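J.: my questions concern the predicted model and sequence given below.
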Amino acid sequence: RRVEVHEGVTMTEPDIKKGLAGVVVDTTAISKVNPETNSLLYRGYPVQELADTQSFEAVAYLLWNGELPTGDELAAFRLEERKHRALADNVKAAIDLVPLEAHPMDEVRTAVSLIGASDPEAGGSVLDAGGSPEQNLARSIRLFAALPAIVAYGQRRRRGQELIAPRDDLDYSANFLWMTFGEEADDVVVDAFNRSMILYAEHSFNASTFTARVITSTLSDIYSAVVGAIGALKGPLHGGANEAVLHIFTEIGSADAVEAWLDKALAEKRKIMGFGHRVYKNGDSRVPTMKAALDTLVAHYGREDVAALYDALESQFVERKGIHPNLDYPSGPAYSLIGFDTLTFTPLFVAARVTGWTAHVIEQAGANALIRPLSHYDGPDERHVAR
Ligand code: ACO
């Protein structure tokens, strides 16, 4: 169909893909999402297999380097990660300036922005702001190592508690829990947490990763890309959903209240957070693995009431709407059982996804094309200022 775009000028009506739904914008070798087979591969490996067998450090290494590390490579990588765990004094001071009422995602965004501004090589001339792949890999590892302290301190200060220094004798996940709670977590808890980090690490061209790639495509620096990605992840249609799931659980209260709650929510046309996905229409490939981790936590903490509420809402919502849970549905209650405050859930997602984001920044920079789509103008026809 031809439409008039200007007096007397017509063109073929553009095929607008609202929300870029179904549009393939580039290639990637980092992950493959296949909704038909309900699978997600990181560099070729099924994510379930990685979650069952690997540490989050090994998966981060895989996302950046394309291969799983050998024993020696993992040991060297872990040493490097441990060097950058402590919260820098200026970053702590900046976090302390963020009002306690602000959303912790704003705090994380501010902290990462300051880390970028403090990197002596990141600014420089606009022409080399993007940095070399080696520089960007080193920066990625430093951000990955620094985020647990930022997230853990954020939760602690909201509870009126002091910063806890990292422990060099603990792996990433165990140390993350140590810095948050000040006590060594049980193995079953560390294992569930490690799985969640792996499952959240990467998911192709989701909204926040695409944001990071758009920013990188202008030859901006990696920190700016991560800061932008954090902003995109904050929204409840994306990362903010894990937090929203817990609000829903709190609102419902218990399994026997689900039916009445759902009647009302659906009558009000509310979106039920933690359900639905742009790509997966028959269930999110990561959910069964995270649900199994949630089940171990339910047994560990003796909280069968949480499992009952989870199951009741899932079965009734799926039966009525045919829309399945996404990863945020099991991870929200899992983080709550571990002891994280609801407001900390989306920052945890940042700590995991920073690996995927930075892998995409390096990939985008390596084969760059400025990302600049077109739009179809539907505002007023040309007119002139009255003189
Ligand atoms: N609750 C109620 N209805 C829903 C939900 C939901 N969670 N998800 C989709 N629908 C309905 C929509 O209302 C719409 O119905 P309609 O056609 O009658 O208007 C239809 O299903 C299609 O939904 P859209 O929102 O148009 O589909 P889209 O692909 O854009 O949405 C999205 C995907 C944004 C994730 C959506 O399912 C949603 O809002 N879910 C809740 C938020 C959420 O859990 N986000 C986490 C995403 S995964 C992650 O970040 C790990």
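T.: It's in.
J.: CA only for contacts and neighbour counts going forward, please
T.: Fine.
J.: buried set for stretch 359-371?
T.: Within stretch 359-371, the residues scored as buried using 16 or more other CA atoms under 10 Å are 359-365.
J.: pLDDT (mean, whole number) over that stretch?
T.: Mean pLDDT, stretch 359-371: 95.
J.: just the strands in this structure please.
T.: For the chain, the strands defined by DSSP state E occupy 2-6, 9-12, 31-34, 39-42, 45-46.
J.: and those, which one averages the lowest pLDDT?
T.: Among the strands of the chain, strand 2-6 carries the lowest mean pLDDT, at a mean of 67.
J.: comparing the strands of the chain, which comes out most buried?
T.: Per-stretch averages of neighbours, counted by mean count of other CA atoms under 10 Å, single out strand 39-42 among the strands of the chain, with a mean of 21.
J.: export that strand to PDB, keeping only CA atoms.
T.: What follows is strand 39-42, C-alpha atoms only, in PDB (Å, rounded to 0.1, in the frame of the first residue of the first chain):
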ATOM      1  CA  SER A  39      16.700 -24.200  24.500                       C
ATOM      2  CA  LEU A  40      19.300 -21.600  25.400                       C
ATOM      3  CA  LEU A  41      23.000 -22.200  24.600                       C
ATOM      4  CA  TYR A  42      25.900 -20.200  25.800                       C
END
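J.: partners of that strand, with directions?
T.: strand 31-34 (antiparallel), strand 45-46 (antiparallel) (DSSP bridges).
J.: quick one: which of those strands is nearest the ligand?
T.: strand 31-34 (12.9 Å; CA to the nearest ligand atom).
J.: please see if that closest one touches the ligand.
T.: No. Shown here: strand 31-34 not in contact with the ligand (CA under 6 Å from any ligand atom), separated by at least 12.9 Å.
J.: outside of that strand itself, list whatever touches it.
T.: Contacts with strand 31-34, where a contact means CA atoms under 8 Å, 6 or more residues apart in numbering, come from 39-44, 202-204.
J.: for stretch 201-216, give the mean pLDDT please.
T.: Stretch 201-216 shows a mean pLDDT of 97 in the predicted model.
J.: quick one on the thing from earlier: from the contacts of strand 31-34, pick the one nearest the ligand.
T.: Using CA to the nearest ligand atom, the contacts of strand 31-34 come closest to the ligand at H203, 8.6 Å.
J.: the helix ranked longest in the chain: how far from the chain's middle?
T.: Using DSSP state H, we find that the single longest helix of the chain is helix 133-158. For helix 133-158, the separation from the chain centroid amounts to 14 Å (computed by CA atoms, centre = their mean, to the nearest Å).
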